[in-house]
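# okay, sequence plus prediction incoming.
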Amino acid sequence: MEATLYNTKGEKTGKVTIPENLFGLPWNADLVHQVVTSMQDNARTSNAHTKDRGEVRGGGKKPWKQKGTGRARVGSSRSPIWKGGGVTHGPRNEKIFARKVSQKMRQKALLVTLSRKLKDGEVIFLDSLRMETPKAKDAKLVLSAFAREFSGFSKKKNAAFIALPGADLGTLKSFSNFGNVVIDDVRNLNPLSILSVKYLVIADPKAAIETLSKKSVVKAPAEVVPAKK
């Protein structure tokens, strides 16, 4: 498989050969849905909490005697049918939403998502992206160059995920002030992060694909072919 290679100016510089075992898998909606929803559940925290009739304050004394008043019998004002009483079947903070997902499922869902993104034309391979010193001005020039080629980069939110081959503090800080772009190490890619944005930008595809190949049984290197002059 071959894909177009770009530079930071948004210009086509050649072709990159990408392994089919990473970017040529068929779409599996059920697998991706199960993995993504499980990731969302695992990140969920239980904050909402209601008190039942045994936790609310007061109600120690029987409101009125059992018989002779003509009213319905009641034992405590903490009853759920009373104002200020306990809550029945309300949300509790001890509820656990986490769901276990196997490593093979996570890896397969990631590769399936990458394949779907590439098929939809939403994966951009960048020859290199490295900034020695943090400069938001230089990062803005890169984003502006791609916005001219790809309309989705003009979105105010969730425009792109930039995957770096390794930790680069200067580049990370340069893009940190832009709210519509997420930048992180390629090894931290997951189906949820990919599906949450319009475009996936993979910098230094040879090194990035080498990292992604570790998530697949079949190893296949990437080959960069320069553009014809």
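Cool, got the structure.
# quick one, helices of this protein?
Using DSSP state H, the helices of the chain run over residues 20-23, 29-42, 103-119, 136-149, 169-174, 191-195, 205-213.
# elements contacting the last one?
If I follow you right, that is helix 205-213. The contact analysis (3 or more C-beta pairs under 8 Å, 6 or more residues apart in numbering; DSSP states H and E) places helix 205-213 against helix 20-23, strand 223-226. To be clear about C-beta, it is placed using only N, CA and C from the backbone, and glycine gets the same treatment.
# which stretch in those has the least confidence?
Lowest mean pLDDT within these: strand 223-226, at a mean of 51.
# in contact with the residue most central in space within the chain, which residues?
Nearest to the geometric centre of the chain sits Ser193, at 2.7 Å (C-alpha atoms, centre = their mean). Neighbour list for Ser193: 161, 182, 184 [criterion: C-beta atoms under 8 Å, 6 or more residues apart in numbering].
# which one of the helices of the chain lies nearest to Gly84?
helix 29-42 (33.4 Å; C-beta to C-beta).
# C-alpha coordinates for the closest one, CSV please?
Extracted in CSV, the C-alpha atoms of helix 29-42 (Å, rounded to 0.1, in the frame of the first residue of the first chain):
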residue,chain,number,x,y,z
ALA,A,29,-18.1,-1.9,13.9
ASP,A,30,-19.0,-4.2,16.7
LEU,A,31,-15.4,-4.6,17.9
VAL,A,32,-14.7,-0.8,17.7
HIS,A,33,-17.9,0.0,19.5
GLN,A,34,-17.2,-2.4,22.4
VAL,A,35,-13.7,-1.2,22.9
VAL,A,36,-14.6,2.5,22.6
THR,A,37,-17.5,2.3,25.0
SER,A,38,-15.4,0.3,27.4
MET,A,39,-12.7,2.9,27.4
GLN,A,40,-15.3,5.6,28.1
ASP,A,41,-16.7,3.6,31.0
ASN,A,42,-13.2,3.0,32.4
